[in-house]
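Q: Could you look at this predicted model? Sequence included:
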Amino acid sequence: MSDVEAEPAVMRSGSPVDDVLPAGAPRVDVLPARDVPLGGPRSMTVRRTLPQRDRTLIGAWCFADHYGPDEVTDRGGMALPPHPHTGLQTVTWLFGGEVEHRDTLGTHALVRPGEINLMTGGYGIAHSEVSTPRTTVVHGVQLWVALPEEHRNAQRDFQNHVPEPVRMNGAEIRVFLGALAGEVSPVRTFTLLLGAEIILEPRMTVTLSVETGFEHGVLVDSGDVRVADTLLHRAELGYVPPGVDALTLTNESDGPARTILLGGTPFEEEIVMWWNFVGRTHEDIVRAREEWEAASDRFGTLEGFPGGRLPAPALPNATIKPRRNPPRR
């Protein structure tokens, strides 16, 4: 997915339990989403929770878009022409619909619900994402992972995995990255990460053992979900700092609730993010943009897409500054 926000809006987060946490309960910061249109008048609108002013990363997760369910007849579905990425991995996870993926590795894949497609941009890659003709609803999440300095120029790669569901205490869990509930994903990453879909039956509670060194985020797709003592509504992201060994999720709804659980060791490096590029300096971004606009070999050639490439937006009239997480409390 492409980030059309050259200059993202500033958002502020808050928690309803900032000063009255029960003994032993983890702190949960509530990060609201903002609506971002992708395209023109019939554009697909996504709800973005990462990055924002109060939280740039959760582990190495640096970008989270949540979209749908949207009827294709209303919005036209997903139609993203070839666009570039550097310094990151993209994670596509669908709840509904089907997307045709092409990239400059030569990959031609159909992305379906319940399977992870992870693409490594590294030094440079380009891809397209288009809803298939049989798709009636688009619904899912698009996530990005920042690559650490020693691997940010890694070779292009594409991985696909269909995790088996794990059922426990009224919950169905699909672990697409890392390890949870006794399941381990074989998908390779460059930092320690967790990614899982959790569907909770109505009014059910599940407690999951988690890595104490990880920070975590719970993104709500549907329902109202209580994380520890904090209630999260649809499209909100709850952030939990490191130091907890278990997370308790309760579905406060009369219907099923679906969440995405993200986690990872704190990413201590400063990054520069602009459009679809992750670098370390303003100059990294300028160079990547120039090479994309010049159709250089850095991003390769994408075969089979019937239209043109997505042009890069104009650079801001200022130096792009590194993004940092707030100091730990």
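A: Received the coordinates, thanks.
Q: can you give me the helices for the stretch 151-300 of the chain?
A: Applying DSSP state H, counting those that start in this stretch to the stretch 151-300 of the chain gives helices spanning 282-293.
Q: for it, which spans come out with low pLDDT?
A: Nowhere does the stretch 151-300 of the chain drop to pLDDT under 70.
Q: change it to 90
A: The model of the stretch 151-300 of the chain has pLDDT under 90 over residues 169.
Q: what's across from Thr46 in the sheet?
A: One thing to correct before we go on: residue 46 is Val, not Thr. Beta bridges link Val46 to Val36, Tyr67 when assigned by DSSP bridges.
Q: How about Asn251?
A: Here Asn251, judged by DSSP bridges, has bridge partners Val225.
Q: Roughly how far does it sit from Gly279?
A: According to C-beta to C-beta, to the nearest Å, Asn251 stands 40 Å off from Gly279. In this view, the C-beta of every residue, glycine as well, is placed from N, C-alpha and C.
Q: Same check on Pro316?
A: On the measure of C-beta to C-beta, Pro316 and Gly279 end up 15 Å apart.
Q: Please apply the same query to Thr230.
A: 34 Å.
Q: quick revisit: so between Pro316 and Gly279, which is more surrounded?
A: Gly279 (22 against 12; other C-beta atoms under 10 Å).
Q: Now the more buried one: closest residue in space that isn't a chain neighbour?
A: Residue nearest to Gly279 in three dimensions, not counting chain neighbours: Val272, with 4.8 Å by C-beta to C-beta, 6 or more residues apart in numbering.
Q: Please name the residues that touch the one you found.
A: Val278, Gly279, Arg280, Thr281, His282, Asp284, Ile285, Ile320, Lys321, Pro322, Arg323 (C-beta atoms under 8 Å, 6 or more residues apart in numbering).
Q: Recalculate using a threshold of 7 Å.
A: Gly279, Arg280, Thr281, His282, Asp284, Ile285, Ile320, Pro322 (C-beta atoms under 7 Å, 6 or more residues apart in numbering).
Q: Phi and psi next, for Glu149.
A: Dihedral pair for Glu149: phi -50, psi -50, per degrees, to the nearest 10.
Q: wait, it sits on Glu268?
A: No. Using C-beta atoms under 7 Å, Glu149 makes no contact with Glu268, being 10.4 Å away.
Q: So which of these two has more stuff around it?
A: Counted by other C-beta under 10 Å, Glu149 and Glu268 do not tie: Glu149 has more neighbours, with 11 against 8.
Q: Can you pull the phi and psi angles for the closest residue to the more buried one other than its chain neighbours?
A: Leaving aside its chain neighbours, Glu149 sits nearest to Glu269 (5.9 Å; criterion: C-beta to C-beta, 6+ apart). Dihedral pair for Glu269: phi -80, psi 140, per degrees, to the nearest 10.
Q: Touching the helix or strand containing Phe63 from outside, list them.
A: Per DSSP states H and E, Phe63 falls inside strand 61-71. Outside strand 61-71, the residues that touch it by C-beta under 7 Å, 6+ apart are 1, 33, 44, 46-51, 56, 88, 96, 136-146, 217, 219, 221, 235, 237, 262, 264, 271, 273, 278.
Q: separation between the residue nearest to Leu208 when sequence neighbours are not counted and Val206?
A: Nearest residue to Leu208, sequence neighbours excluded (C-beta to C-beta, 6+ apart): Leu247, at 5.2 Å. Per C-beta to C-beta, Leu247 is found 9 Å from Val206.
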